[in-house]
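Novice: Give me coordinates for this.
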Amino acid sequence: MCIIIFDNGMSTGQVGLSVTQLIVLNTTFQYLMKCWNDLDYQMTSVKRVVEYTDITPEPFGGTFTPPESWPSEGNVAFSSVSMRYSLDKPLVLKEVNFTVKSGEKIGIVGRTGAGKSSLISALFRLYDFEGTIFIDGLDTKAVPLHTLRSKIAIIPQEPVLFLGTLRRNLDPFDEYEDSYLWNALEDVEMKNFVSGLPSGLESEISEGGANFSVGQRQLLCLVRAILKNAKIVALDEATASVDLETDEMIQRTIRRKFRNSTVLTIAHRTNTVMDSDKIVVMDSGNLVEFGNIEDLLQKPDGYFSGFVLNK
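Specialist: Now for the predicted structure:
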C-alpha cells in the first residue's frame, strides 16, 4: 500500500502532477520487474546451452562404410553382450546371446527394469557395451554411428514431433514426393484427418506436437518408419500410451507393411506379442528364455507362462 501525504500549500495542479508521476513510476517498476523475469527466463536457456557444450560428443564410430543395400536381409545376432549406463552403475545387460533370422518377428518381454529397452539401446549403440552385435554378419561397432542408426527404424514409446510443418516432421530430409507421404498416411488411417487440415501437409505442428493427440503422434511416428522401409524395425513399447483400438490398428499396419522386415517389439500388453515368431524373456539383465510361444507356454513354471498369467 502506498501512502501519499500532500502539503496544504500544494495547488490542485501540483497534486495532479504528483499523482500522475506516481502512476508512471509504478508502471516503470512493473516494466522493470517484467524485464528482470524475462532475463531470468532467458538465462535458463543460456545455462542449458552451456551444459550442452560440456557434454562429451559421441565417438564417430567405426570407419567401415557398408554398401548402400546393407542390411539387405535383416539378420541380427547378439553375442555375449553386456552393458551398463555408466562406469559406476551395475550391468543392465549380462552376457546376452540370441540370434534373429531375416524377417522374424520377435517379442521382448519382462518386468520393469529387466533390460528390455537396454537391448534396443545396445542395438543403436547409445551406450558402450561389451560383446558384439552383428547385422547381416557385420559388426555394428565397425560401422559409423550415423550409418548404423539411419538403417534401423524405431517407433518409441513417447512419440516425438518437432516444431515446424507436418511434412518436415514426416520427411525431414525431403527424400520423398508428396504421393508417398499421402500413401503412408492412408496406411495408418490418417489421410482423411490430414487432408481436412487447413494447410494439409504444410500444417504447422506445435512444439512437442501439442496440437495432436498421443495416438495421432504415435501414428505419425509410424508413418516415418513406413517411409524409411527399413529391414530392421524396433518398437519400444510403442502402443503403451494408446487405446486398444489404436493398438490393434498399429499392429495390423506393422504386420502388413513390415512383413519382410525383422521386427523387435518390446511388449507392454501381452496380446501385442502373441503373434510373434519368437519371444525373448528378460529378467534382471539376463536372457532367461528364448523360443517360440508354444514351447514357452508349455513350461508351467517358465518365466513367459508366468508373465502371461500375471497379465
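
Novice: Tell me where the stretch 101-250 of the chain has helices.
Specialist: 116-123, 145-150, 166-170, 178-187, 191-195, 214-228, 244-257 (DSSP state H, counting those that start in this stretch).

Novice: can you put those helices in CSV and add distance to Pro71, mean neighbour count and mean pLDDT?
Specialist: For the C-beta atoms, the positions are set from N, CA and C on the backbone; glycine is no exception. Formatted as CSV, the helices of the stretch 101-250 of the chain follow (distance: least, CB to CB, whole Å; neighbours: other CB atoms under 10 Å; pLDDT from 0 to 100):
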stretch, distance to Pro71, mean neighbour count, mean pLDDT
helix 116-123, 12, 22, 93
helix 145-150, 10, 16, 91
helix 166-170, 23, 20, 91
helix 178-187, 21, 16, 92
helix 191-195, 30, 14, 91
helix 214-228, 13, 21, 88
helix 244-257, 17, 16, 83
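
Novice: closest one to Ala267 among the ones you listed?
Specialist: Minimum separation from Ala267 across the helices of the stretch 101-250 of the chain (CB to CB) falls at helix 116-123, 8.1 Å.

Novice: I'd like the helices of the stretch 101-250 of the chain as TSV, with distance to Leu201 appended.
Specialist: Formatted as TSV, the helices of the stretch 101-250 of the chain follow (distance: least, CB to CB, whole Å):
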stretch	distance to Leu201
helix 116-123	30
helix 145-150	23
helix 166-170	4
helix 178-187	6
helix 191-195	7
helix 214-228	11
helix 244-257	20
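
Novice: Please identify which of those helices is closest to Ile205.
Specialist: helix 166-170 (5.8 Å).

Novice: Packing partners of the closest one?
Specialist: helix 178-187, strand 204-205, helix 214-228 (3 or more CB pairs under 8 Å, 6 or more residues apart in numbering; DSSP states H and E).

Novice: Other residues contacting it?
Specialist: The list of residues contacting helix 166-170 from outside it, by CB atoms under 8 Å, 6 or more residues apart in numbering, reads 161-162, 178, 181, 184, 194, 197, 200-205, 209, 220, 223-224, 227.

Novice: try 7 Å
Specialist: 161-162, 181, 194, 201-203, 205, 220, 223-224, 227 (CB atoms under 7 Å, 6 or more residues apart in numbering).
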